[in-house]
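Chemist: Kindly return the folded structure for what I paste below:
(chains A and B)
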There are 2 protein chains.
Amino acid sequence: MKLIGLLMLFAASFCAAQNSGDFKPATSNVLDAQYPRVDGNSHVQIRFKAPGATTVKLNFWSGPKVDMEKQADGFWTVTTPPMAPGLHYYVINVDGAEVSDPGSTAYFGGSKWASAVEVPEAGVDYYQPKDVPHGQVREVWYHSSVTGTWRDAFVYLPPDYDTAKTRYPVLYLQHGGGEDESGWIRQGKANFILDNLIASGSAKPMIVVMANGYATRAGYVVPDMTGTPFGSLEFLKVMQERMGAFEDDMTQALIPFIDKTFRTLPDREHRAMAGLSMGGMQTFQVTFNHLDLFSYIGGFSGANGIAMMRSSEKPDLKTAFNGALADPAAFQKKVHLLWIGVGTNEPERMKAALESLNASLDEGKVQHVFYESPGTDHEWQTWRRDLKDFAPRLFQSGSESGAPR
Amino acid sequence: MKLIGLLMLFAASFCAAQNSGDFKPATSNVLDAQYPRVDGNSHVQIRFKAPGATTVKLNFWSGPKVDMEKQADGFWTVTTPPMAPGLHYYVINVDGAEVSDPGSTAYFGGSKWASAVEVPEAGVDYYQPKDVPHGQVREVWYHSSVTGTWRDAFVYLPPDYDTAKTRYPVLYLQHGGGEDESGWIRQGKANFILDNLIASGSAKPMIVVMANGYATRAGYVVPDMTGTPFGSLEFLKVMQERMGAFEDDMTQALIPFIDKTFRTLPDREHRAMAGLSMGGMQTFQVTFNHLDLFSYIGGFSGANGIAMMRSSEKPDLKTAFNGALADPAAFQKKVHLLWIGVGTNEPERMKAALESLNASLDEGKVQHVFYESPGTDHEWQTWRRDLKDFAPRLFQSGSESGAPR
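Modeler: Have a look, this model is predicted:
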C-alpha cells in the first residue's frame, strides 16, 4: 500500500471517529433542503452558495464560530464539533455581510428572521408532535388603546376546548428580546409540549397566550437605534419605556380581550405568567406590580425586572420588587409558585444573576423553585425544559405539586 | 449665490422630481428596521450592510434588477424607479450569494424565507386591518393517512364563529409554488380581506382553509432536486407525484378533518376551492376530479392542471379536464362559479395560458368569470384583488352575484 493510500485510510478513520456518517437534513430545514445536516453524534454540516466570496464564516450565536471552506462548485462547507441538543441560531458571514441560510426555516430572533438548526436530543420526545389530541393555535388581533394600534397574539387552546365547553386557566408566556409572539410556537414547540403534558395528565388543560413583548405608548416614537449598543443607557431607556408600555398593554388591553374572547377562568387564582430572558424580566415587572392579577410566576433565564440588565448583585428583598417580598409569609399566601431557571452552560453573568436571586430567595425563606437545565446555553432547549417543568406545577391548587417548594 | 449653491439647488430639485422626499420604513419591515423605505411616489430604497463585498445587487423577482452602490460606512444602497403597488419579493446578491435582507419580514416564497417590500396602493384599504370585527386564524394539526405524517393548516374563522353557533361554508385556498400555508395570511392578508368583505356585507361569512400544497405519499422519497431546472420533465414528474398526493390528502384527510373539527356545511353546495399559480393548477385538478365535493372553482394566475406547465395552446374542451366541460349545460348545473384571473403585467406565457383557456371557455359557451388585474405582475397584489373579486361571488345561491356570468 502506498503512502497516499495509508494517508487516505488514516483520514477516513479519523473522519469516522468524528462523524457517525449518517448525516440527515435537519428537521428545521425548509422543504427539500439537503443542508444543514446533522449526524447521530450531533455534528452539524452547513453548506452555503457564495461563488464570488472571499471569506465565509459560520457563527453560532451560542456555539462554534468557524471558517467555512470553499469547494470547487461555488459552495462553502463546514462540519462543526458535536453540538448540544436543541435549536441553535446561527448566521453566515459573507465578506462582512451577516445573512441567513436559505436552507433553514427562518425563526424570528435577534430582531431579524434568523437561521437555526435543530439538533435532536437522544431519548427525548416531549416537544414532538405525537399521536395524542392536539390543541389549536389561534392568531388573534386586538386593538390596544395603550398603543393605539392593532396587535396580534398567538393563543394555544387545549385539545378539548371546542367540545368540553368548560372554562380554563390561562398562562401568559413571553418570548425573549429580539423575538416575537411566534417564538414559543415555532422555536419552542410550546403547543406540542402542552399537548403531551395534558395527554399524560401531567398538566392541567390550560390556555396559553403568547403576546408580542414590544409595545410603545400611542404617540411615542422609537428613536433610530442603529448602532446603539445592547445594554447601554440609551438602549435601557428605550427598553424601559417599552416594558412600561407592554405592562400597560397587557394589563389594560390584552387580558381584558382574552377574558372576553375565550372561556377563561378570569381571576388571579387561575392566571400565570412566565417568560424567557427579556420575557422573564417582563414577567417579574408585570406580576409583582399586579399581584391582584397573577398567582403563578416564572422567570426562564431572566427575572428580577430591568434591574437585572444593570447588575448581578444579590437583590435586597426588603426593597426589590417594590418590597413585595419583604414579608415572605404574606407573599406566600398570595403567590402559589415562584419559579426561576437557568441553563448550566449560559454565560456567567446570566447564571450569576439567577443564582444571586436564588440565594436571596433562600436567605429570605421565600419558597420557590430553582431549576438548572444541564448542559444547555441561553437557548431554546433550556426554555423547552423550563416549560416542561413549570407547566405541570400550575393550577394544581389543593395538591402538593402546585404548591411552592 | 455662488455656483456651488446653484448646483446644490439644482441637485435638490432634481432629486425632488425623482423622489417625493417622504421616505418611510416599509410596513413589511421587522421591528425598528429603518430600511427598506418607500416614498409617496412608490420609489423603494434598500440598504444592506456588506463591508467586505465586491459587488452587491438588488434583484426583484418581478421588477428591477439593479446594482447597489457602496457607501463609506460599509452599507450598500440603491433607490429604485417607481414600483407597482403590492408586495414585491426580492433577493440581495452579495458576491454571488443570494441572500435575504435582514430589514425585511421573511415571507416563505421561492422555497425559502424571502424578503419583500410592501408598496402601498393609493386609495385602497381592503387588505388593511380596520375597525371591524376580526376573525381568528387557527393553526391546526392533522394526521394524514395519505402522507403518513402530521400536517398543519391555517384556518380562518369568521368573526362571529364563536358566538353565532351556526354552520359555515368553506373555501379551500391554496398558495403558489415555493410558498406554504402561511402565504395567504402573511403575504396575502386574506384574513383582513375577508374581515372587511364580511363587515360590509359583500361576502358571506365563511371558513377559509389554507393547507400546505406539498405532499408526498407515505414511503415516497423526493429525489434531490438541487440543480433540476424548473419545468423540466424531471421537475414535472416530481410535481405530478406531489399533486396527486396533495389531491388524495385533501380529499381523504384534510376535508374530513375540517368537517369533523369545525362547524362546516359539509356538502358540495357549500364548498369552494381556489388557488394561485401552482395552487390554481391544483384547484383545477382537485375540483374537476371531484365535482361531487366542490361547486365553486377559482384559478388565480394558474389553472388548467399540470398541462398548463407544458403548453399554452388553447385547451380542447371535449377532452380537457377528463371531459368535464364537454357538456357545458351539464357542467353549469353542477358548478356555480368558474373563475379565472391574471394580472395584465404577468409574463406573456402566463397571460397566454389564461387567455387561451378563457377563449376556449367562451367558444364552448361555458359560463365563467375572466378577471384581469390592471398593471400587476405574477405577484400578491394580483391575488389579493382576485380574492376580493372572487370571495363575494361565493355561497350566494339564489342571488345573481353568485351565479356564473
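Chemist: Torsion angles phi and psi at residue A:270?
Modeler: phi -120, psi 30 (degrees, to the nearest 10).
Chemist: My guess is it contacts residue A:171. True?
Modeler: No - in this structure, residue A:270 is not within contact of residue A:171 by CB atoms under 8 Å, at 9.8 Å. Any C-beta I mention is one placed from the backbone N, CA and C, and that applies to glycine too.
Chemist: between those two, which one's more packed in?
Modeler: Per other CB atoms under 10 Å in any protein chain shown, whichever of residue A:270 and residue A:171 has more neighbours is residue A:171, with 26 against 22.
Chemist: per-residue pLDDT, the more buried one?
Modeler: Here, the pLDDT recorded for residue A:171 equals 98.
Chemist: who's in contact with whichever strand or helix holds it?
Modeler: For residue A:171, the host element (DSSP states H and E) is strand A:170-174. With contacts defined as CB atoms under 8 Å, 6 or more residues apart in numbering or on different chains, strand A:170-174 is touched by A:184, A:190, A:206-211, A:213, A:250, A:254-255, A:258, A:262, A:264-265, A:270-276, A:278-280, A:282-283, A:296, A:387, A:391, A:394.
Chemist: Inside strands: which ones of those?
Modeler: Counting by DSSP state E, the part of these found in strands is A:207-211, A:271-276, A:296.
Chemist: Highest neighbour count among the residues you listed?
Modeler: residue A:276 (32 neighbours).
Chemist: How is chain A divided into domains?
Modeler: Per the record, chain A has its domains at A:24-119, A:136-393, by automatic domain parsing.
Chemist: wait, which of the ones you listed is closest to residue B:350?
Modeler: Closest approach to residue B:350 among those (CB to CB): domain A:24-119, 23.2 Å.
Chemist: anything in that closest one near chain B?
Modeler: Yes - Domain A:24-119 is in contact with chain B by CB under 8 Å from any CB of the partner chain, via A:30-34, A:48-56, A:74, A:92, A:94-100, A:102-106, A:108, A:111-113.
Chemist: Can you flag which of those residues belong to helices?
Modeler: Taking DSSP state H, every one of the residues of domain A:24-119 next to chain B sits outside helices.
Chemist: List only those of those flagged as buried.
Modeler: Burial by neighbour count, judged by 16 or more other CB atoms under 10 Å in any protein chain shown, picks out A:30, A:32-33, A:48-50, A:53, A:56, A:92, A:94-100, A:102-106, A:108, A:111-113 from the residues of domain A:24-119 next to chain B.
Chemist: Kindly provide the distance from the nearest residue to residue A:315 once chain neighbours are set aside to residue A:390.
Modeler: Nearest non-adjacent residue to residue A:315, counting by CB to CB, 6 or more residues apart in numbering or on different chains: residue A:360, 5.0 Å away. The gap separating residue A:360 from residue A:390 is 20 Å, by CB to CB, to the nearest Å.
Chemist: Comparing these two, which residue is more hemmed in?
Modeler: residue A:390 (26 against 18).
Chemist: for chain B, what are the nearby residues on the stretch 151-300 of chain A?
Modeler: Residues of the stretch 151-300 of chain A lying near chain B (CB under 8 Å from any CB): A:162, A:180, A:185, A:214, A:222, A:224-226, A:261.
Chemist: And those residues, which is closest to residue B:233?
Modeler: Closest to residue B:233, out of all of these and judged by CB to CB, is residue A:185, at 39.2 Å.
Chemist: who's in contact with that closest one?
Modeler: By CB under 8 Å, 6+ apart, the contact list for residue A:185 reads A:137, A:154, A:156, A:191, A:210, B:139.
Chemist: Just confirm residue A:60 contacts residue A:92, I think it does.
Modeler: No - the criterion here is CB under 8 Å, and residue A:60 misses it with residue A:92 at 10.8 Å.
Chemist: Give me the common contacts of these two.
Modeler: In contact with both residue A:60 and residue A:92: no residue, using CB under 8 Å, 6+ apart.
Chemist: Report the contact partners of the residue nearest to residue A:212 when sequence neighbours are not counted.
Modeler: Of all residues not flanking residue A:212 in the chain, residue A:181 sits nearest, at 4.5 Å (CB to CB, 6+ apart). Shown in contact with residue A:181 (CB under 8 Å, 6+ apart): A:152-154, A:175, A:210-213.
Chemist: With pLDDT as new columns, can those be given to me in TSV?
Modeler: As requested, the contacts of residue A:181 are arranged in TSV below (pLDDT from 0 to 100):
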residue	pLDDT
A:152	93
A:153	97
A:154	98
A:175	98
A:210	98
A:211	98
A:212	97
A:213	97
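Chemist: follow-up on the earlier one: quick one: closest of the domains of chain A to residue B:317.
Modeler: domain A:24-119 (34.8 Å).
Chemist: rewinding a little: pick out the shakiest of the domains of chain A, pLDDT-wise.
Modeler: domain A:136-393 (a mean of 93).
Chemist: And it, how far out from the chain middle?
Modeler: With CA atoms, centre = their mean, to the nearest Å as the basis, domain A:136-393 stands 10 Å off its chain's centre.
Chemist: Just the terminal-to-terminal distance for it.
Modeler: 22 Å (CA to CA, to the nearest Å).
Chemist: ok, back up a step: how far off strand A:207-211 does the strand holding residue A:171 point, in degrees?
Modeler: 30 degrees (axes from the mean of the first three to the mean of the last three CA atoms, to 10 degrees).
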